[in-house]
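S.K.: fold the following.
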Amino acid sequence: MNLLCGSSALRGEVTIPGSKSHTIRAVAIAALADGESHIERPLESDDARAAVTVYGALGAEIETSNDVWRVQGTGGNLRIPENVLDVGNSGTTLRLAMGSCALLREGLAVLTGDDQIRRRPGGPLAQALTNLGACVQSTRNNGCAPFVVRGRLQGGKTSIEAITSQYLSSLLLNTPLGDNDTVIEVPVLNEQPYVEMTLDWLARQGVVIENENFKRFYVRGGQHYKPVRRAIPADFSSATFFLAAGALPGNDILVRGLDMNDTQGDKAVVDYVKSMGANVQIQPEGIRVAAQDLVGREIDLNATPDALPMLAVLACFARGTTRLVNVPQARLKETDRIAVMREELTKLGGKITELPDGLVIEESRLHSGTVEGHGDHRVIMALAIGATQIPGTTRIRGCEAMSVTYPTFVETVSQLGGNVQVEK
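M.R.: Okay, here's the model as predicted:
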């Protein structure tokens, strides 16, 4: 399917759905816990459903409805899966489940996913889990899925360069259920706020972990998870598209449902758009962003790599030069987002230079055209928001991937007055 987008002002209110990162962590912890968990207002999306499928195959009984997911946990005694575990396009599910499968007391599990997942790296996590007593192997010996995982995660000492925070989150979430204590050395850590989110979940569980400035962690083994009773916070990563959209010429958007006290790193996007000149008001009913003259600036995106596609679009409408830097891990997402955003925005007239760790973007007069979505939900949604500022019709090829995190994106943009429609 393709997405057709035309020039249109975006005005009104939008309520943001639940966080993908929070939802998947909730499913994993509930599946490993004793007793029945209630996950309220989870994100209903392909990635979240992948977590449900995988942890269900490992023995959790999961009943899903629109508002509450009920999970009967395994108490850490996972079942040998009857078939290959397919995570679809969910990198978070893959990495967290690799650690969970290492808790198996007998048998083994095989984890795979779609073609993008089979290109995304996981070798450092596989090696760390192997160092801790499990046996994790890439079937193609290239550090990517499919992975064959055999338990048992015992504990001990390991070191991991967390080029993606998901490596460390997997270790922190699963080593408390290992047989012995674990020490994790972390010489490199990108995306620290996502690790802070994991630690917040564990603290709510009463799990004992000593954190030495995110450089070393001491995890006590033989711990247990209790049932989850929590409403999932709204997703700042999804909100990024509308926070940035409000800053574009002619737009005025009230974004509802966000909690600025939540651990999500992408709440920094509020500051990013404000620093570029947008009129940002944090009100009791939500965060309102209205258009004003935008000015380019340098933004360090190491903690917020998912914001790169939308900020690259926003920067095209800002006076002067914008530099999005220190985010090399953006090349390791569903696509190489640095290369892809340069390629696709250039097709529309963007003046963009690619850096090893980011982008340099000049103010650009964009024109309509045809671009590729590359099967990346965040690339597609960013290009769609940008296209509402461009005269004529812009076609984005392959828009199905929006369902990974935001199945109702087109309807939401339309409700704001956006000229967007799916071309089947």
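
S.K.: look up how far Leu94 lies from Gly133.
M.R.: 20 Å (CB to CB, to the nearest Å). (Each C-beta comes from the backbone N, C-alpha and C, glycine too.)

S.K.: the two - which one has more neighbours?
M.R.: Leu94 (29 against 18; other CB atoms under 10 Å).

S.K.: quick one, phi/psi of that one?
M.R.: phi -60, psi -50 (degrees, to the nearest 10).

S.K.: excluding its backbone neighbours, what's nearest it?
M.R.: Val87 (4.5 Å; CB to CB, 6 or more residues apart in numbering).

S.K.: my read: that neighbour touches Met98, true?
M.R.: No - assessed by CB atoms under 8 Å, Val87 is found out of contact with Met98, at 9.7 Å.

S.K.: could you name every residue contacting both of these two?
M.R.: Leu111 (CB atoms under 8 Å, 6 or more residues apart in numbering).

S.K.: more neighbours: the two, which one.
M.R.: Neighbour totals were compared for Val87 and Met98, and Met98 leads with 28 against 24 (other CB under 10 Å).

S.K.: show me what contacts the more buried one?
M.R.: Counting by CB under 8 Å, 6+ apart, Met98 has contacts 111, 122, 125-126, 129, 136, 147, 149, 170.

S.K.: which of those fall in strands?
M.R.: Taking DSSP state E, the ones among these that sit in strands are 111, 136, 147, 149.

S.K.: report the backbone C-alpha coordinates of the helix or strand that contains Ile352 in PDB.
M.R.: Using DSSP states H and E, the element containing Ile352 is strand 351-355. Only the C-alpha atoms of strand 351-355 are listed here, as PDB (Å, rounded to 0.1, in the frame of the first residue of the first chain):
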ATOM      1  CA  LYS A 351      19.600  20.000   1.300                       C
ATOM      2  CA  ILE A 352      21.100  17.300   3.500                       C
ATOM      3  CA  THR A 353      24.600  16.000   4.200                       C
ATOM      4  CA  GLU A 354      25.200  12.600   5.800                       C
ATOM      5  CA  LEU A 355      27.600  12.300   8.800                       C
END
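
S.K.: please report the distance of the residue nearest to Leu94 from Asp46.
M.R.: Per CB to CB, Val87 is found 10 Å from Asp46.

S.K.: got it, and Val52?
M.R.: 11 Å.

S.K.: which of those two has more neighbours?
M.R.: Val52 (22 against 19).

S.K.: in stretch 137-150, what counts as buried?
M.R.: 138, 144-150 (16 or more other CB atoms under 10 Å).

S.K.: let me redo that: stretch 253-264
M.R.: Quick answer for stretch 253-264 (16+ other CB under 10 Å): 253-258, 262-264.

S.K.: how far out from the middle of the chain is that stretch?
M.R.: In terms of CA atoms, centre = their mean, to the nearest Å, the centre of stretch 253-264 is set 16 Å apart from its chain centre.

S.K.: same check on stretch 399-417?
M.R.: So, by CA atoms, centre = their mean, the centroid of stretch 399-417 is 16 Å from its chain's centroid.

S.K.: give me the buried positions along that stretch.
M.R.: In stretch 399-417, counting by 16+ other CB under 10 Å, buried: 399, 401-406, 409-410, 412-413, 416.

S.K.: and the helices in the stretch 201-350 of the chain?
M.R.: Along the stretch 201-350 of the chain, the stretches classed as helices by DSSP state H, counting those that start in this stretch are 236-246, 268-275, 308-315, 337-347.

S.K.: now the closest residue to Leu78 other than its chain neighbours: how far from Leu248?
M.R.: Take Leu78 and drop its neighbours on the chain: the residue closest to it by CB to CB, 6+ apart is Leu58, 4.6 Å away. Distance of Leu58 to Leu248, given as CB to CB: 44 Å.

S.K.: surely Ile338 touches Leu359?
M.R.: Yes - with contact defined as CB under 8 Å, Ile338 reaches Leu359; the gap is 6.1 Å.

S.K.: overlap in contacts, those two.
M.R.: Residues touching both Ile338 and Leu359 (CB under 8 Å, 6+ apart): Leu308.

S.K.: residue contacts, the residue nearest to Val371 when sequence neighbours are not counted?
M.R.: Nearest residue to Val371, sequence neighbours excluded (CB to CB, 6+ apart): Glu344, at 4.3 Å. Contact partners of Glu344, counting by CB under 8 Å, 6+ apart, are 371-372, 374, 379, 383.

S.K.: switch the cut-off to 7 Å
M.R.: With contacts defined as CB atoms under 7 Å, 6 or more residues apart in numbering, Glu344 is in contact with 371-372, 383.

S.K.: closest to Glu298 among the residues you listed?
M.R.: For the contacts of Glu344, the minimum distance to Glu298 (CB to CB) is 23.1 Å, reached by Leu383.

S.K.: ok, the closest one to Asn419 distance?
M.R.: Distance from Leu383 to Asn419, by CB to CB: 14 Å.

S.K.: over to Arg319?
M.R.: Distance from Arg319 to Asn419, by CB to CB: 26 Å.

S.K.: ok, these two, which is more surrounded?
M.R.: Neighbour tally, Arg319 and Asn419, criterion other CB under 10 Å: the higher count belongs to Asn419, 16 against 13.

S.K.: helices or strands up against the helix or strand that contains Ser21?
M.R.: Assigned by DSSP H and E, Ser21 belongs to helix 20-32. Counting contacts by 3 or more CB pairs under 7 Å, 6 or more residues apart in numbering; DSSP states H and E, helix 20-32 is packed against strand 36-40, helix 46-57, strand 68-72, helix 91-101, helix 192-204.

S.K.: tell me which of those lies nearest to Arg395.
M.R.: Nearest to Arg395, of the helices and strands packed on helix 20-32 and by CB to CB, is helix 46-57 at 22.9 Å.

S.K.: now that closest one - C-alpha only, CSV.
M.R.: Extracted in CSV, the C-alpha atoms of helix 46-57 (Å, rounded to 0.1, in the frame of the first residue of the first chain):
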residue,chain,number,x,y,z
ASP,A,46,2.2,-5.3,15.7
ASP,A,47,5.3,-5.0,17.9
ALA,A,48,3.3,-5.4,21.1
ARG,A,49,1.4,-8.4,19.7
ALA,A,50,4.8,-10.0,18.8
ALA,A,51,5.7,-9.9,22.5
VAL,A,52,2.4,-11.5,23.4
THR,A,53,2.9,-14.3,20.9
VAL,A,54,6.5,-15.0,22.0
TYR,A,55,5.9,-15.0,25.7
GLY,A,56,2.7,-17.0,25.2
ALA,A,57,4.7,-19.6,23.4
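
S.K.: what angle do that helix and strand 36-40 make?
M.R.: 170 degrees (axes from the mean of the first three to the mean of the last three CA atoms, to 10 degrees).
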